[in-house]
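K.L.:
With the input below, show me the fold.
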Amino acid sequence: MSRKGVYCIEGEWGFMAGDATSVLPLLELLRDVEGIPFSHRDAVCATALRTLLDQWTKAKHRAYPILHVACHGKAGHLVLGIGNKNESRVCIDQFEEWLAGKCHRKIIYLGSCSLLGDLHGNRWRRFLKRTGALAVCGYGCEVPWIESSAFELFLLNELQVNALTVSGARAMQRRIRSRNNQMAKRLNFKMMVAN
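P.N.:
Here you go, the predicted structure:
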């Protein structure tokens, strides 16, 4: 089976100098054990995120149809860095605008606490329609690092199984719920699939 690459953009996690917290070891484990290719990039401000999103949507990254944005979050906002709040925060409206029409046959995983929390399902359906993505998923509450990391390994592996079609994404969604429903509920994991 052909593996779907993961294009990961990671924000800054720690507030202390030398904090080495990162999703990189998880991606390396998936590559080494399951053969899932990945590209890992850092972004601590909106400008860097936009540049990396532009790169991801280019033909040269076609082998990486899963976008994984790993950073802090608040309802409706990605929080990339610990510095200037205006430079490090990106609202979901801005994120959607940058990806408008560029996500055909792609899945977006927003690995951020609370990002999908207060936003209604209609908001995410609009996101899917405007970007053209097959699915968007993430968490609706604060999530503990270890438990969410374990779920992330499971999730990124499950996203490999079906074709990048609406019916394939729906099958992924059903399988995630049937195989790991308890953890998905605890993490308030949500996955919206395009119509």
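K.L.:
show me where this structure has helices.
P.N.:
24-34, 46-56, 85-88, 92-99, 121-131, 145-158, 166-186 (DSSP state H).
K.L.:
Can you flag the weakest of those by average pLDDT?
P.N.:
Comparing mean pLDDT across those, the lowest value falls on helix 85-88: a mean of 80.
K.L.:
Show me what it packs onto, helices and strands only.
P.N.:
Applying 3 or more C-beta pairs under 8 Å, 6 or more residues apart in numbering; DSSP states H and E, we find helix 85-88 packed against helix 46-56. From N, CA and C alone the C-beta is placed, and that goes for glycine too.
K.L.:
other SSEs contacting the helix it packs on?
P.N.:
strand 6-10, strand 66-70, helix 85-88, strand 89-91, helix 92-99.
K.L.:
and Ala135, which of those is closest to it?
P.N.:
For Ala135, the closest of the helices and strands packed on helix 46-56 is strand 66-70, at 9.7 Å, according to C-beta to C-beta.
K.L.:
Identify all contacting residues around the closest one.
P.N.:
4-11, 23, 49, 53, 56, 78, 103, 106-112, 156, 159 (C-beta atoms under 8 Å, 6 or more residues apart in numbering).
K.L.:
picking up where we left off before, among the helices and strands packed on helix 46-56, which comes closest to Ala163?
P.N.:
strand 66-70 (13.3 Å).
K.L.:
CA atoms only for the closest one - export them in CSV, please.
P.N.:
Provided in CSV are the C-alpha atoms of strand 66-70 (Å, rounded to 0.1, in the frame of the first residue of the first chain):
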residue,chain,number,x,y,z
ILE,A,66,-1.9,15.0,5.3
LEU,A,67,-1.3,18.4,6.9
HIS,A,68,-0.5,18.2,10.6
VAL,A,69,-0.3,21.6,12.4
ALA,A,70,1.1,20.9,15.9
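K.L.:
could I get the helices and strands packed on helix 46-56 as TSV with distance to Ala43 and mean neighbour count?
P.N.:
Putting the helices and strands packed on helix 46-56 into TSV (distance: least, C-beta to C-beta, whole Å; neighbours: other C-beta atoms under 10 Å) gives the following:
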stretch	distance to Ala43	mean neighbour count
strand 6-10	5	24
strand 66-70	9	24
helix 85-88	9	14
strand 89-91	9	18
helix 92-99	12	18
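K.L.:
TSV for these, including distance to Val33?
P.N.:
What follows is the helices and strands packed on helix 46-56, written out as TSV (distance: least, C-beta to C-beta, whole Å):
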stretch	distance to Val33
strand 6-10	14
strand 66-70	17
helix 85-88	33
strand 89-91	32
helix 92-99	30
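K.L.:
Minimum distance to Cys137: which of these has it?
P.N.:
strand 66-70 (10.1 Å).
K.L.:
so the closest one versus helix 24-34, what angle?
P.N.:
150 degrees (axes from the mean of the first three to the mean of the last three C-alpha atoms, to 10 degrees).
K.L.:
Perfect, that will be all.
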